[in-house]
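Visitor: Here is my input; please provide its structure:
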Amino acid sequence: MISYDSPPARQRRPPRRRSPRWPLVVACVVVAVGLLAGYKFLSRPAPRPAPPAARGPLLSHAQALKLGACIDPTLSIESSFAPSIRHDLATGIGQLAPPAGPPRTDRRTRAQPAVSLLIREVDTNSFSSQPGQYAAQVTVSGVHGLTRRRPPPSASAGYTRALAIWSKDSQVVAADRKQAAGDAASAVRTVAALPLDRRKGSFSAITACVSALLVDVPAGGRRGYLVASDLEENEAPQLAGSFGGAPLLIVQTCESGDAGRCQQLLSHFKALMHRLHAGRITVVRPEDAGPAIAQGVRTGEVSP
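Guide: Residues are numbered from 1 along each chain as shown. Next up, the predicted model:
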């Protein structure tokens with residue numbers, strides 16, 4: 001049956017919900033900023049390495065070395081002993097002379113310390129502040145080292161300046177070497193000419209000689225000491241000053257040939273030195289003194 005009434009009204013669809021677009025916009029902006037920052041970072045030129053002249057100081061130096069030596073020339077000891085020790089000291093000082101001329105260009109050079117040496121002699125009045133001709137003081141000046149070899153030829157902007165600085169400092173080293181060589185030659189002559197006190201009636205105040213060294217050689221820094229004697233002291237011990245832990249080289253001659261007696265003298269003397277705060281004590285026989293003394297003059301101590 002046909003209905004002639006008006007058609008039914010259309011049912012409306014619910015409105016479509018649109019998702020907000022701002023999160024997408026923000027994400028796009030973040031990505032764009034990140035890409036731009038990455039581009040700028042990657043396109044930034046790599047930092048130039050500092051020119052050689054700006055990589056730290058070129059000249060180096062070594063801490064000064066202060067040495068003291070007691071030689072026992074008294075008549076109770078073989079007459080050749082003290083001259084032999086004096087000769088070994090002069091030889092060791094002579095070996096401080098550096099190579100002549102300018103430094104090598106293909107390698108670094110090591111700094112050489114300034115070395116001062118005070119020599120006193122054992123006698124009755126070994127602690128006297130007026131030893132007169134029986135003492136000597138010599139000094140060999142130090143030599144700077146170069147921390148880098150000569151810069152190789154380069155087109156970099158810093159090469160010319162680096163080469164000029166290296167050349168100037170190498171001239172300083174060459175001048176140091178010349179001065180040190182002259183000092184060493186003069187010191188050798190002074191030590192070799194040192195008179196030895198072999199007067200009759202002189203007694204052996206050995207610890208007094210050591211104490212005088214400890215008082216006279218300035219404290220602090222690198223120090224080293226030598227005692228060359230038979231260690232047979234016939235004066236009352238005199239203890240003053242302090243080694244402060246500095247090493248001591250003993251060259252002991254054993255005139256009697258009695259090993260037990262000489263060992264007893266050594267033990268007693270070492271005990272006295274420890275009371276003065278001696279560091280490592282190295283003992284050698286006279287026939288081995290040359291190399292030991294040379295090493296002591298160069299470094300302040302002797303390898304055991």
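Visitor: Just give me how far stretch 72-86 sits from the chain centre.
Guide: Distance of stretch 72-86 from its chain centroid, counting by C-alpha atoms, centre = their mean, to the nearest Å, is 33 Å.
Visitor: Ok, stretch 72-88 next?
Guide: Taking mean C-alpha positions (C-alpha atoms, centre = their mean), stretch 72-88 and its chain are 32 Å apart.
Visitor: buried ones in that stretch?
Guide: For stretch 72-88, a neighbour-count test (16 or more other C-beta atoms under 10 Å) marks 72-74, 77, 81-82, 84-88 as buried. All C-beta spots, glycine's among them, are computed from the backbone N, C-alpha and C.
Visitor: Would you mind checking which of those is nearest to residue 196?
Guide: Proximity of the buried residues of stretch 72-88 to residue 196 (C-beta to C-beta) peaks at residue 73, which lies at 4.0 Å.
Visitor: which residues does that closest one contact?
Guide: By C-beta atoms under 8 Å, 6 or more residues apart in numbering, the contact list for residue 73 reads 81-82, 121-122, 196-198.
Visitor: how close does it get to residue 85?
Guide: Separation of residue 73 from residue 85 (C-beta to C-beta, to the nearest Å) stands at 9 Å.
Visitor: Who are the packing partners of the one helix or strand residue 173 maps to?
Guide: Counting by DSSP states H and E, the element that carries residue 173 is helix 159-192. Applying 3 or more C-beta pairs under 8 Å, 6 or more residues apart in numbering; DSSP states H and E, one finds that helix 159-192 contacts strand 59-60, helix 81-94, strand 115-121, strand 135-140, strand 145-146.
Visitor: what about residue 173, neighbour count?
Guide: Neighbours of residue 173 under the rule other C-beta atoms under 10 Å: 21.
Visitor: Which residues are in contact with it?
Guide: Residues in contact with residue 173 (C-beta under 8 Å, 6+ apart) are 59, 102-103, 109, 143-146.
Visitor: ok, of the residues you listed, which come out buried?
Guide: Buried, going by 16+ other C-beta under 10 Å: 59, 103, 109, 143-146, out of the contacts of residue 173.
Visitor: could you pull out the helices for the stretch 151-300 of the chain?
Guide: 159-192, 206-216, 259-275, 289-299 (DSSP state H, counting those that start in this stretch).
Visitor: Turn those helices into CSV, columns for mean pLDDT and distance to residue 115.
Guide: Shown next, in CSV, are the helices of the stretch 151-300 of the chain (pLDDT from 0 to 100; distance: least, C-beta to C-beta, whole Å):
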stretch, mean pLDDT, distance to residue 115
helix 159-192, 95, 9
helix 206-216, 96, 15
helix 259-275, 97, 22
helix 289-299, 96, 7
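Visitor: Can you say which of these is packed in most?
Guide: Among those, helix 206-216 has the highest mean neighbour count (mean count of other C-beta atoms under 10 Å), at a mean of 23.
Visitor: Tell me which other helices or strands that one touches.
Guide: Secondary-structure packing of helix 206-216 (3+ C-beta pairs under 8 Å, 6+ apart): strand 65-71, strand 115-121, strand 222-229, helix 259-275.
Visitor: okay if I get those as CSV plus distance to residue 157?
Guide: Below are these laid out as CSV (distance: least, C-beta to C-beta, whole Å):
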stretch, distance to residue 157
strand 65-71, 42
strand 115-121, 42
strand 222-229, 42
helix 259-275, 60
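Visitor: Could you point out which of those sits nearest residue 247?
Guide: Nearest of the helices and strands packed on helix 206-216 to residue 247, taken as C-beta to C-beta: strand 222-229 at 5.5 Å.
Visitor: Give me the nearest residue to residue 105, chain neighbours excluded.
Guide: Closest residue in space to residue 105, ignoring its immediate chain neighbours: residue 150 at 4.1 Å, by C-beta to C-beta, 6 or more residues apart in numbering.
Visitor: circling back: which one of the helices and strands packed on helix 206-216 lies closest to residue 175?
Guide: Residue 175 lies closest, by C-beta to C-beta, to one member of the helices and strands packed on helix 206-216: strand 115-121, at 18.1 Å.
Visitor: Pull up the pairing partners for that closest one, direction included.
Guide: Using DSSP bridges, strand 115-121 pairs in its sheet with strand 65-71 (parallel), strand 135-140 (antiparallel).
Visitor: Please identify the most buried of those.
Guide: Highest mean neighbour count of those: strand 65-71, a mean of 25 (counted as mean count of other C-beta under 10 Å).
Visitor: CA-only coordinates of that one in PDB, if you can.
Guide: Taking only C-alpha atoms (Å, rounded to 0.1, in the frame of the first residue of the first chain), the coordinates of strand 65-71 have been written out as PDB:
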ATOM      1  CA  LEU A  65     123.400  19.100  42.600                       C
ATOM      2  CA  LYS A  66     125.400  19.900  45.700                       C
ATOM      3  CA  LEU A  67     128.300  17.600  46.600                       C
ATOM      4  CA  GLY A  68     130.700  17.300  49.500                       C
ATOM      5  CA  ALA A  69     133.800  15.100  49.900                       C
ATOM      6  CA  CYS A  70     136.100  14.200  52.700                       C
ATOM      7  CA  ILE A  71     139.600  12.900  51.800                       C
END
